[in-house]
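Enquirer: model the following, please.
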Amino acid sequence: MTTTSVARARAAFRERHISENYSGPLHLATIVGVSLLVALLIALMLENVTALEWMTIPTTFFYANFCEYLGQEGPMHHKTRFLGKIYEHHTIEHHSFFTDEATTYETTQDFKAILFSPVMLLFFHGCFALACRRGAVFPGVSKRLLPFCPDGNPVFPEL
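Expert: Next up, the predicted model:
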């Protein structure tokens with residue numbers, strides 16, 4: 001995309017998706033705050049963690065990056081029946097807002113094009129919690145080796 005077309009795409013995105021009441025810093029604080037709260041709640045549930053169990057932390061980072069890769073290769077770049085909104089937001093909106101020529105935001109209002117919505121954040125936290133509950137995160141690995149999912153699902157025990 002040319003610089004002019006990026007400017008037009010950004011203006012159209014801002015007009016369609018960013019209300020004058022939107023606060024980029026508040027959006028960022030919400031996303032970071034919810035993520036830190038979930039991490040803190042899980043950390044408070046840890047007891048007598050072994051060295052092997054601490055090794056699940058870097059393993060989880062690799063897992064999260066692998067999931068991001070699969071998302072990029074799958075529904076974020078290829079429209080599917082049930083995940084069309086993810087495709088629309090990521091490929092059509094995000095990639096027209098940020099290109100090789102325009103890689104930075106101009107104002108904090110542009111955070112809307114960068115950050116997950118709080119609903120999507122809760123969706124992904126929920127999917128991860130369900131995967132933990134069902135033992136699908138690391139098949140064949142004992143729940144004891146998953147401190148973020150001791151005895152099932154500490155975040156959503158009713159699931």
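
Enquirer: residue ranges of the helices in this protein, please?
Expert: Using DSSP state H, the helices of the chain run over 3-17, 24-44, 51-54, 56-73, 84-87, 95-97, 118-133.

Enquirer: among the ones you listed, single out whichever gets nearest to Gln109.
Expert: helix 24-44 (5.4 Å; Cβ to Cβ). Where you see a C-beta, it was placed from the backbone N, CA and C, and this is true even at glycine.

Enquirer: show me what the closest one is packed against.
Expert: Judged by 3 or more Cβ pairs under 8 Å, 6 or more residues apart in numbering; DSSP states H and E, the packing partners of helix 24-44 are helix 118-133.

Enquirer: out of the helices of the chain, the one nearest Phe111 is which?
Expert: helix 24-44 (3.6 Å).

Enquirer: just to revisit the earlier point, mind putting the helices of the chain in TSV, mean neighbour count included?
Expert: Putting the helices of the chain into TSV (neighbours: other Cβ atoms under 10 Å) gives the following:
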stretch	mean neighbour count
helix 3-17	13
helix 24-44	13
helix 51-54	10
helix 56-73	12
helix 84-87	14
helix 95-97	17
helix 118-133	15
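
Enquirer: so for Lys112, which of those sits nearest?
Expert: helix 3-17 (5.9 Å).

Enquirer: and for that closest one, what's in contact with it?
Expert: Helix 3-17 is contacted by residues 1, 93, 96-97, 99, 101-102, 106, 109-110, 112-113 when judged by Cβ atoms under 8 Å, 6 or more residues apart in numbering.

Enquirer: now, among those residues, which is nearest to Tyr87?
Expert: For these, the nearest to Tyr87 is Glu93 (10.0 Å; Cβ to Cβ).

Enquirer: hmm, Thr108 is touching Leu26, no?
Expert: No. With contacts counted by Cβ atoms under 8 Å, Thr108 stays clear of Leu26, the gap being 9.3 Å.
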